[in-house]
Structure formats: structure tokens, C-alpha cells
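K.L.:
After the sequence you'll find the predicted model.
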Amino acid sequence: MRRLEALLLGGWLVASVSAAQAPPQPAAPAPEPPAQAPSPQAPAGKAPEWDPNALVRITGVVEDIHESKTRADHPGLHLMLKTATETVEVHTCPVPFMSDLEFTIEKGDTLTVEGSRPDPAGIVIAREIVKGQTSLIVRDKSGAPVWTR
């Protein structure tokens with residue numbers, strides 16, 4: 001079995017593969033676990049659309065970073081941002097766009113994100129990300145991605 005781990009380092013997505021021993025195969029098939037309901041925070045198939053009437057500004061600490069390559073889930077860099085009251089998933093922009101601009105985000109960074117949050121308990125689609133004295137605009141005021149221009 002191979003385990004693939006990805007990490008964003010200095011704006012670059014770095015992958016490493018490590019080998020692990022495969023678990024012994026059981027003699028008889030194990031019974032299937034009972035079906036579980038999806039997590040309430042799990043995306044329901046398609047990421048929400050930009051809503052200009054649902055603008056928010058949140059500040060928090062980056063707890064996790066991952067890249068989504070799923071077309072229906074806003075492909076690109078996703079952050080888990082812990083605010084004073086909750087942990088919010090933030091969809092930002094494609095990793096190469098951020099790397100080209102030399103804007104890095106790491107676990108532990110404090111960010112302020114302005115964006116759209118169509119569902120008050122859902123994800124934030126970032127328009128602007130502020131880290132320290134640096135601001136990165138990833139969408140215009142109508143929500144259109146700037147990396148496609």
C-alpha cells in the first residue's frame with residue numbers, strides 16, 4: 001500500500017509517497033459496517049454559487065489546508081479557518097495562481113477573508129484574503145474569478 005501526502009510549502013504543493021505494509025488479508029469477507037449519515041458539514045455534491053447578498057468578513061487562524069481537484073467543488077486551495085466562534089471552510093483559488101503571485105498560506109497563519117457565504121452555516125467563497133499587510137484579490141465584486149482573465 002502507498003500513502004500519498006500533500007503539503008503546501010512556500011506556495012508549492014509538494015507530494016511525497018511513502019510505503020507502508022499492507023494489512024493481512026482476512027480469510028473471510030468482513031461484514032460491512034452500517035451506513036452512516038453524511039457529516040452535516042460535508043458538501044452536498046456541488047459547491048454553492050457566489051451570492052452578492054451574502055457577503056461576510058471573517059478572521060481566524062488556518063487549521064488545515066488542502067487542494068480540491070473536483071470540478072463541482074470549486075477546484076483549488078481550500079482552508080479550514082478557526083474563528084472565535086466556529087471553524088469555517090474557505091474556498092480560495094487555484095494553487096498555481098496563488099504561487100505565481102508568491103502569496104503563501106500556511107497552517108497557523110492569521111487571515112481575514114472577505115467573501116460570499118450563501119448558507120450561514122456553510123463555506124465561504126473568498127473574494128479577498130488578507131495576511132498581515134498583504135491582500136490577495138481572487139474574485140471581483142461580482143464574484144467572477146480574476147485568475148481566468
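P.N.:
Received the coordinates, thanks. None of the values given here were measured: they were computed from a predicted structure. Residues are numbered from 1 along each chain as shown.
K.L.:
buried sites along stretch 68-84?
P.N.:
74-81 (16 or more other C-beta atoms under 10 Å). Quick note: C-beta positions are derived from backbone N, CA and C, even for glycine.
K.L.:
Kindly report the same for stretch 104-120.
P.N.:
105, 109, 111, 113-117.
K.L.:
Farthest-apart pair in those residues, please.
P.N.:
109 and 116 (21.6 Å; C-beta to C-beta).
K.L.:
now the longest strand along the chain: mean pLDDT?
P.N.:
Criterion DSSP state E: the longest strand present in the chain is strand 55-68. Strand 55-68 shows a mean pLDDT of 94.
K.L.:
what comes into contact with it?
P.N.:
6, 8, 13, 74-84, 87-88, 90-91, 95, 105-117, 124 (C-beta atoms under 8 Å, 6 or more residues apart in numbering).
K.L.:
Please, where are all the helices along the protein?
P.N.:
In the chain, the segments counted as helices under DSSP state H are 95-100.
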